[in-house]
Each structure stands twice: as C-alpha cells, then as structure tokens.
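Chemist: Return atomic coordinates for the entry below.
(one chain, ligands or ions: 1)
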Amino acid sequence: MEENLKIPGHIAIIMDGNGRWAKKKGLARTVGHTNGAKALQRTIEACKKFGVKTLTVYAFSTENWSRPKEEVDFLMKLFLNYLTKQSKKLIENKIKFNVLGDKLRFSPEIQNAMKKLESDTQNFTEFTLNVALNYGGHAEIIKATKEIAEDLKSGKISVDDIDEKLFESHLYTCGQLPPDLIIRTSGEQRLSGFLLWQSSYSEFYFPSVHFPDFDEKQLYIAIQEYSKRDRRYGKV
Ligand code: FPP
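Modeler: Sure, this is the predicted structure:
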C-alpha cells in the first residue's frame, strides 16, 4: 500500500449496474444480482484488509418494489439466503450487521432473519456492515420527524431540544459516523435518495465499472482518489 493513502473510516456504496452487467453478457438480470452478491463479499473482505471500519451498501430502495415481480421475488430470495446462509461467515468474521430501512414491508421470515442476524452480531466492534433495505432518504427523514413530533406532543422533549444530535438519534444510522466516501458504480452520478442527511460532507466517486465487476483493485483506486481530496468541511 502507498504510504500517504488516507483510509476512509466509512465507505458507502450504491451497488449499481447489475442489470447492465448481465445484459452485456446476454444473461438474465437475476444473474447480475447473484454476481453482485459475490462482489459484495469481495468488497467486505477488501474493506477489512484496507482498514475501513464501516461499509454501508444500498441493496434495495423504497422504489425498487415497483420492479417486475419476478425480479423482486428473486432479490427477496437472495436477501433471505444472505441473511441465513451467510450469517455464519459474518459471525466468524466478527462483523456487526445492521439493516437500514423499514423492515415491516418484508415477509415475516425475512424480518425474523434480519432481527436474528442483528442481535447475533450486535456486540462486534471491529467492522460494521450496514445494508440499506427498503431504504429511502426521504422516508428516513420523515420517520425521524414523526418520532420527534410524537416526543414533542407527549412532552418528552421541548422545541429547544431539537438539534442535529437529537435528529440523528432518530435516523437508521443512529450512533454511527457519516460516510467519508460514497461510491456509485456504473457511471450514474446521482444519490437516488441514499443517505441524504448523512452525506452532507461525504466525498463522491463514480467509477464506470458495473457492481458485479467491483473488487479489491477497484476499491483501492477509489481510496487513492479519496486520498487526493482536500476535505475542508466548510472551513478554509
Ligand atoms: C442495482 O442494479 C442493484 C440492485 C437494485 C440490487 C442490489 C443487490 C445486490 C448487489 C445483491 C447483493 C445484496 C445482498 C444484500 C445480498 P440494477 O439492477 O439497477 O442495475 P441496472 O441499473 O444496470 O439495471
């Protein structure tokens, strides 16, 4: 590794391009998602190797439910498989797992698997994997606002108690540091509602590689690019 490489503590990835990757190869979109899951595994390992502490990935947005039923069903099977069959690997590797998003829209089987994996990995501190599932940045901000409004109505808090710290405590990422670097693969240059509150001082990187081809080398290039950035947080 280069000596003056700055390692981001928290990397977030919009795992885009599974469908295009498959189409280019004349394969079904679902094959792209299966290979996306393999790329996610490689990315977790590479993050750990480089000393990144937290990886957050966007796996399913609040809008993704409107994809064709067969694709949604396939993704649900893939998620359930990950939550159950891969759970041993996550535990062995001491990875703390969190879901970011509203779990209630998933089947009871998936919800139970999510809760079990979260509770089984809750005390690990070395590395955190956040998977955004049924996540939307607007939905998250509205959820926080509603919870705060309820606390205000019941007299638990007063208007003057509302500040950034209190607001953040109602987000799915409660207690975590914001992402230092946000990567969106496949060349699209937009957030699509990902971590809207949390991304205010993040650096962005948009490689053209489709997510199923993302690997250690691609992550290294992204970290090299991040290392060149001068983060001033609004100061001079
Ligand atoms: C975006 O590519 C990808 C998704 C909506 C699904 C992401 C899921 C994975 C990477 C599977 C692994 C995840 C877990 C948690 C096991 P796209 O389908 O929008 O691609 P396109 O824009 O080229 O059509």
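Chemist: got the contact list for stretch 109-120?
Modeler: 76, 79-80, 83-84, 87, 90-91, 97-99, 103-104, 106, 133 (C-beta atoms under 8 Å, 6 or more residues apart in numbering). The C-beta positions use only the backbone N, C-alpha and C, and glycine is treated the same way.
Chemist: Lowest-confidence one in these?
Modeler: Minimum pLDDT for those is recorded at Ser87 (90).
Chemist: Not counting its neighbours along the chain, what's nearest that one?
Modeler: Taking C-beta to C-beta, 6 or more residues apart in numbering, and ignoring the residues beside it in sequence, Ser87 has Leu117 as its nearest neighbour in space, at 5.1 Å.
Chemist: Got the confidence number for that neighbour?
Modeler: Predicted confidence (pLDDT) for Leu117: 97.
Chemist: Secondary structure element holding it?
Modeler: Using DSSP states H and E, Leu117 sits in helix 108-121.
Chemist: can you give me how far that helix is from the chain middle?
Modeler: 17 Å (C-alpha atoms, centre = their mean, to the nearest Å).
Chemist: anything in it sitting right up against the ligand?
Modeler: No. Legend: contact between helix 108-121 and the ligand by C-beta under 6 Å from any ligand atom is lacking; minimum distance shown is 10.8 Å.
Chemist: what comes up buried for that helix?
Modeler: Using 16 or more other C-beta atoms under 10 Å as the test for burial, helix 108-121 gives Ile110, Ala113, Met114, Leu117, Thr121.
Chemist: Using PDB, list the CA coordinates for that helix.
Modeler: The C-alpha trace of helix 108-121 is given here as PDB (Å, rounded to 0.1, in the frame of the first residue of the first chain):
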ATOM      1  CA  PRO A 108     -42.100 -12.300   8.400                       C
ATOM      2  CA  GLU A 109     -39.400 -14.800   7.500                       C
ATOM      3  CA  ILE A 110     -37.000 -12.100   6.200                       C
ATOM      4  CA  GLN A 111     -37.900  -9.800   9.100                       C
ATOM      5  CA  ASN A 112     -37.000 -12.500  11.600                       C
ATOM      6  CA  ALA A 113     -33.800 -13.300   9.900                       C
ATOM      7  CA  MET A 114     -32.800  -9.600   9.900                       C
ATOM      8  CA  LYS A 115     -33.500  -9.300  13.600                       C
ATOM      9  CA  LYS A 116     -31.700 -12.500  14.400                       C
ATOM     10  CA  LEU A 117     -28.600 -11.500  12.500                       C
ATOM     11  CA  GLU A 118     -28.600  -8.000  14.000                       C
ATOM     12  CA  SER A 119     -28.900  -9.400  17.600                       C
ATOM     13  CA  ASP A 120     -26.300 -12.200  17.000                       C
ATOM     14  CA  THR A 121     -23.700  -9.600  15.800                       C
END
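Chemist: Just list what the longest helix anywhere in the chain packs against, helices and strands only.
Modeler: Counting residues, the longest helix found in the chain (DSSP state H) is helix 29-50. Judged by 3 or more C-beta pairs under 8 Å, 6 or more residues apart in numbering; DSSP states H and E, helix 29-50 is in contact with helix 18-24, strand 54-61, helix 69-85, strand 127-135, helix 216-227.
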